[in-house]
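Colleague: sequence-free structure coming up:
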């Protein structure tokens, strides 16, 4: 699904299609948008921290902080709209408010928690790649450790760390007849940046589940050794 908004740039009208579902958004696209949001959030928090220290005893401190939130949210919404539409700041001034509200509503939909469907493979450029599993013997424990050294967790994704996912998937996800080759990982990572966010989230949940399982087995093994 997607929505279409009408914009005017250089005195010419045009329709812009904006994706509204994870399956229509690439990890590269979402990563760039997340960077914009993260920068605004960091700037806002620094500003509020400064005001809390400066006006710690002020009776209207809460109002000051709310005003900061309001002003910063306007600036964030403007940059989000510019990103989605491709407009510059000058043309942005002539946009109808109804169009802006439609775009901001999209962000609201995309901030809802993703519900995994339990997929174990995906298609890319006409080829099928598989998540690592017990039945997929070409993955080794060393591969798994190498990927987890990239320090990816669901919490990192919540904090906007999507850039690490394509590389992890390039290491762990392979065709049925593919052996691990360290030399092709950079090129494979570049191609995996075209993956859509529904596949990225499925892999993130899968890897987190596998990590917890591996940790549980490791702890059980350690406890057994201690008893011995």
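Modeller: Arrived safely, thanks for sending. As the structure is a computational prediction, the values presented were derived from the model and not from experiment.

Colleague: show me where this protein has its helices.
Modeller: Applying DSSP state H to the chain gives helices spanning 27-54, 61-85, 89-92, 97-110, 141-148, 154-158, 165-172, 185-192, 197-227.

Colleague: which residue is the nearest non-sequential neighbour of residue 199?
Modeller: residue 122 (4.7 Å; CB to CB, 6 or more residues apart in numbering). Every C-beta, even on glycine, is put in place using the N, C-alpha and C of the backbone.

Colleague: contact partners for that neighbour?
Modeller: By CB atoms under 8 Å, 6 or more residues apart in numbering, the contact set of residue 122 is 128, 129, 173, 195, 199, 202.

Colleague: rerun that using 10 Å as the cut-off
Modeller: Residues counted as contacts of residue 122 (CB atoms under 10 Å, 6 or more residues apart in numbering) are 128-131, 169, 173, 192, 195-196, 198-200, 202-203.

Colleague: list only buried entries from the residues you listed.
Modeller: With burial judged by 16 or more other CB atoms under 10 Å, the buried subset of those is 129-131, 169, 173, 192, 195-196, 198-200, 202-203.

Colleague: with adjacent residues omitted, what lies nearest to residue 127?
Modeller: With sequence-adjacent residues excluded and distances taken as CB to CB, 6+ apart, residue 127 is closest to residue 175, at 5.8 Å.

Colleague: do the same with residue 32
Modeller: Leaving aside its sequence neighbours, residue 32 sits nearest to residue 83 (CB to CB, 6+ apart; 7.2 Å).

Colleague: just the pLDDT at the one you found, thanks.
Modeller: Listed pLDDT for residue 83 reads 89.

Colleague: quick revisit: bridged to the residue nearest to residue 199, which residues?
Modeller: residue 129 (DSSP bridges).

Colleague: going forward can the numbers begin at 22, since that is how I track them
Modeller: Sure thing, new numbering starts at 22, so read that last one as residue 143.

Colleague: pull the number of nearby residues for residue 133.
Modeller: 7 (other CB atoms under 10 Å).

Colleague: tell me which of the buried ones among the contacts of residue 143 is nearest to residue 82?
Modeller: Of all the buried ones among the contacts of residue 143, the one with the least separation from residue 82 (CB to CB) is residue 221, at 40.5 Å.

Colleague: any figure for the gap between the closest one and residue 215?
Modeller: With the distance defined as CB to CB, to the nearest Å, residue 221 ends up 11 Å from residue 215.

Colleague: what touches both of those two?
Modeller: Counting by CB under 10 Å, 6+ apart, the residues touching both residue 221 and residue 215 are 47, 48, 187.

Colleague: reformat those as a markdown table; add pLDDT.
Modeller: Shown next, in a markdown table, are the shared contacts of residue 221 and residue 215 (pLDDT from 0 to 100):
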| residue | pLDDT |
| --- | --- |
| 47 | 91 |
| 48 | 88 |
| 187 | 88 |
